[in-house]
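*Asks:* Sequence below, structure please.
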Amino acid sequence: MSDMLLNIDGLSVDYQTAKGDLQALQDISFNVAKGEIVGIVGESGCGKSTLIASILRLTAPNMRFSKGKIYFKGQDLLQLPEQDMRHLRGNDISIVFQDPMQTHNPVLSIGQQMIDIQHRDNISKSKKWTRAMKMLQAVDIPDVALRMKQFPHEFSGGMRQRIAIAMALMSQPDLLIADEPTTALDATLEVQIIERLKKLQNEFGCAILFVSHHLGVIAELCDRVVVMYAGCVVESGDVRDIFHHPKHPYTRRLIECDPGHIKTRMRHLPTIPGDIPDMTNPPKGCIFENRCDQALPRCTQETPPLIALNNNHHAACWLNQKDVS
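*Replies:* Numbers count the residues shown, from 1 in each chain. Model (predicted):
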């Protein structure tokens, strides 16, 4: 446990709406060790963004933690005073957002913004400037002396995302949250960002919580994967187990729908039939039952627990009961 950095234990989060409480997260449990890269994958609406907001405690006014704990370096983040949380954000926990075109202030130079985010450091402006230049060099920004004086609109999307990564790593955080940082980029830039993240992770030794719906990126970058559906963790395990031996029907269908997994030409891309259930009135039993082609009679009545199939592989599906040792 001494190597455990982030431990989410039975977290449930609701949004208060006119139709009633919307159950955005239901009994979420997983952990991230020091220096590990853990991927969070799932369809839009599965709760990935709510999970990030919960960890950072950047919550909407109608958001409520109904139960559970979020431990970071042994501290329950949900119990910390707001002043302590503000100190953690940007220092111990940093985030890279999805859209690089919306990340930076358009009226301030990149150099000024990189100096501003070092406001907690009691060092001279010249030292902050030198540190910022070194971070830009670390993410392969050329001509850093010139680039520091330029404005965001003078950079490409890929360069702006690399600058965002440099800003996030400026304080050498213990945990970097990457919120779909390659979604807005083309395939070539996506590969560059992934390779850069790998190199920087090895250099700085931080853990990364990588959130994405792109399975190929998850497979390339991550050590472990957590698969989410409708606010629930339905499967988790090592990358090899998840992609080569998926044990939940949703994980299997998600992999089948990935264009990179398709080997033959077809007129229509495969999809998962059906819709995500209404989480203001979640169904009894398995949350995936209405879209599952392998559903058993008990799936409509009993919610399957997240059971251990081996030391690192867990799945919440009644089909796996016979596989439990």
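
*Asks:* Show the backbone phi and psi for I110.
*Replies:* phi -60, psi -40 (degrees, to the nearest 10).

*Asks:* Can you name every helix or strand that the helix or strand bottoming out on mean pLDDT in the chain contacts?
*Replies:* Taking mean pLDDT, DSSP states H and E as the measure, the helix or strand of the chain with the lowest value is helix 187-204, at a mean of 82. In this structure, helix 187-204 makes packing contacts with helix 157-169, strand 207-212, helix 215-221, judged by 3 or more C-beta pairs under 8 Å, 6 or more residues apart in numbering; DSSP states H and E. All C-beta spots, glycine's among them, are computed from the backbone N, C-alpha and C.

*Asks:* pLDDT (mean, whole number) over the second one?
*Replies:* Pointing back at strand 207-212 there. If you average the pLDDT over strand 207-212, you get 93.

*Asks:* contact partners of that strand?
*Replies:* 5-6, 32-41, 48-49, 51-52, 55, 174-180, 182-183, 197, 201, 217-218, 221-222 (C-beta atoms under 8 Å, 6 or more residues apart in numbering).

*Asks:* just to revisit the earlier point, looking at the helices and strands packed on helix 187-204, which is buried most?
*Replies:* Highest mean neighbour count among the helices and strands packed on helix 187-204 (mean count of other C-beta atoms under 10 Å): strand 207-212, with a mean of 24.

*Asks:* What ranges does the protein have for its helices?
*Replies:* For the chain, the helices defined by DSSP state H occupy 48-56, 82-88, 110-116, 125-138, 144-147, 157-169, 187-204, 215-221, 239-244, 249-256.

*Asks:* from memory A219 sits against V239, does it?
*Replies:* Yes: judged on C-beta atoms under 8 Å, A219 makes contact with V239 at a distance of 5.9 Å.

*Asks:* I93 and R57 touch, don't they?
*Replies:* No: contact criterion C-beta under 8 Å: I93 and R57 do not qualify, at 10.0 Å.

*Asks:* higher neighbour count, those two?
*Replies:* Of the pair I93 and R57, I93 is the one with more neighbours under other C-beta atoms under 10 Å, namely 25 against 17.

*Asks:* What subset of the contacts of strand 207-212 is buried?
*Replies:* 5-6, 32-33, 35-41, 48, 51-52, 55, 174-180, 182, 197, 201, 217-218, 221-222 (16 or more other C-beta atoms under 10 Å).

*Asks:* before we move on, back to that, how about residues contacting the least confident helix or strand of the chain?
*Replies:* With C-beta under 8 Å, 6+ apart as the test, helix 187-204 has contacts from 35, 37, 138-140, 157-158, 161-162, 165, 169, 172, 176, 178, 181-182, 185, 208, 210, 217, 220-221.

*Asks:* Ok, stretch 31-44 next?
*Replies:* Applying C-beta under 8 Å, 6+ apart, the contact partners of stretch 31-44 are 3-8, 30, 48, 51, 174-175, 201, 205-213, 215, 218, 221-229, 239, 254, 272, 276.

*Asks:* Quick check: which ranges of this structure have low pLDDT?
*Replies:* By pLDDT under 70, the low-scoring segments of the chain are 1-2, 184, 322-325.

*Asks:* ok, so what distance separates the closest residue to I70 other than its chain neighbours from L209?
*Replies:* Leaving aside its chain neighbours, I70 sits nearest to L77 (4.5 Å; criterion: C-beta to C-beta, 6 or more residues apart in numbering). From L77 across to L209, the span is 13 Å (C-beta to C-beta, to the nearest Å).

*Asks:* Quick check: neighbours shared by these two?
*Replies:* I55.

*Asks:* Is it possible to get CSV of the helices and strands packed on helix 187-204 that adds distance to Y15?
*Replies:* Below are these laid out as CSV (distance: least, C-beta to C-beta, whole Å):
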stretch, distance to Y15
helix 157-169, 27
strand 207-212, 19
helix 215-221, 27
